[in-house]
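Student: Pasting the sequence and the predicted model now:
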Amino acid sequence: MRCLPLPSGLRRAGVVAALSGLAAVVLPWTTGLDGPTVASEQVGYALHLPVLLWYGALGWRELRSGRHNGGVGRASNG
């Protein structure tokens, strides 16, 4: 398995984001058949915020490094 070369702070933020995203996905299952209340749905959205920020930080870091390949699925000459 190939790991991204990330600083330890960004790795810790990634773990927090992953746990937060997992909690946001599990939260609706705790409400039973009635579905989530408005409040719990808002909490779920708030729990997704660290995930979005972490991916934004990774994307910004990738763009600044100049290592991006110009897009997913781009044909290679190799």
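Tutor: Arrived safely.

Student: got the buried residues for the helix or strand where residue 45 lies?
Tutor: Element membership of residue 45 [criterion: DSSP states H and E] is helix 38-65. Buried residues in helix 38-65, counted by 16 or more other Cβ atoms under 10 Å: 44, 47, 50-51, 54, 58. To be clear about C-beta, it is placed using only N, CA and C from the backbone, and glycine gets the same treatment.

Student: Give me the pLDDT for the residue most central in space within the chain.
Tutor: Note on the chain: the residue nearest the mean C-alpha position is residue 51, at 3.3 Å, using Cα atoms, centre = their mean. With respect to pLDDT, residue 51 scores 83.

Student: ditto for the one 10 residues further on
Tutor: What the model reports as pLDDT for residue 61 is 82.

Student: what residues are up against it?
Tutor: residue 10 (Cβ atoms under 8 Å, 6 or more residues apart in numbering).

Student: State the distance from it to residue 9.
Tutor: To residue 9, residue 61 is 12 Å away according to Cβ to Cβ, to the nearest Å.

Student: need the contact list for residue 21.
Tutor: Residue 21 neighbours (Cβ under 8 Å, 6+ apart): 47-48, 50-51.

Student: Mind listing what's buried along whichever strand or helix holds it?
Tutor: Here residue 21, judged by DSSP H and E, is contained in helix 8-26. Going by neighbour count (16+ other Cβ under 10 Å), the buried part of helix 8-26 is 13-14, 17, 20-21, 24.

Student: Export those residues as JSON lines, with columns for distance to residue 36.
Tutor: Shown next, in JSON lines, are these (distance: Cβ to Cβ, whole Å):
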{"residue": "13", "distance to residue 36": "27"}
{"residue": "14", "distance to residue 36": "26"}
{"residue": "17", "distance to residue 36": "21"}
{"residue": "20", "distance to residue 36": "17"}
{"residue": "21", "distance to residue 36": "16"}
{"residue": "24", "distance to residue 36": "11"}
